[in-house]
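A.B. asks: Got a predicted structure plus its sequence, pasted below:
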Amino acid sequence: MAKPGITETPSINIIGAGTVIEGDIKSEGDIRVDGTLNGCLITKGKLVLGTTGMVEGEITCQNGDISGIITGKIKVAELLSLKATSKLSGDIITNKLSIEPGANFVGSCAMAGTAPTINISNGPGGESEKSEKAAAY
């Protein structure tokens, strides 16, 4: 619990290599996945998917730094970075996209005004129609 007048920062969550999670994850803070997630992931923070990380399901996050494997749709409110070791099979909705040489992407990409606002209280998908930032475009 934070002291009066001090804002508490969201925690960093880690799913370690060798860990397998079946089900959905909702988080207020950043999350790093080095293991396997079969389900939806919704975070108001940054998603870091390590080289050993795998996600099969829908992802919604503020920023994404992807080095592992994703099978499914990913919605990113700000910047999605696909590193050289990443493999993404599915659709991307983002405001900004960075793809390193060597990254593997099969799917479609929608940008700018379609980027989501992250809302943890919603069900799977957890986003509104448009983000305030993207609405300015």
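C.D. replies: Ah, there it is.
A.B. asks: where do the helices sit along this protein?
C.D. replies: 132-135 (DSSP state H).
A.B. asks: pLDDT below threshold where in it?
C.D. replies: For the chain, the stretches with pLDDT under 70 are 1-10, 113-137.
A.B. asks: what's near enough to touch the residue nearest to the spatial centre of the chain?
C.D. replies: Centroid-nearest residue in the chain, with CA atoms, centre = their mean: Cys61, separated by 3.7 Å. Applying CB atoms under 8 Å, 6 or more residues apart in numbering to Cys61 gives the contacts 31, 41-47, 74-77, 118. (C-beta placed from N, C-alpha, C; glycine too.)
A.B. asks: now swap in Leu41 and tell me
C.D. replies: By CB under 8 Å, 6+ apart, Leu41 lies in contact with Asp24, Ile25, Ser27, Ile31, Val33, Leu47, Val55, Gly57, Glu58, Ile59, Thr60, Cys61.
A.B. asks: about what we covered before: give the bridge partners for the residue nearest to the centre of the chain, please.
C.D. replies: When bridges are called by DSSP bridges, Cys61 pairs up with Val76.
A.B. asks: right, and Gly57 touches Ile42 too?
C.D. replies: No - using CB atoms under 8 Å as the test, Gly57 is too far from Ile42 to be in contact (10.3 Å).
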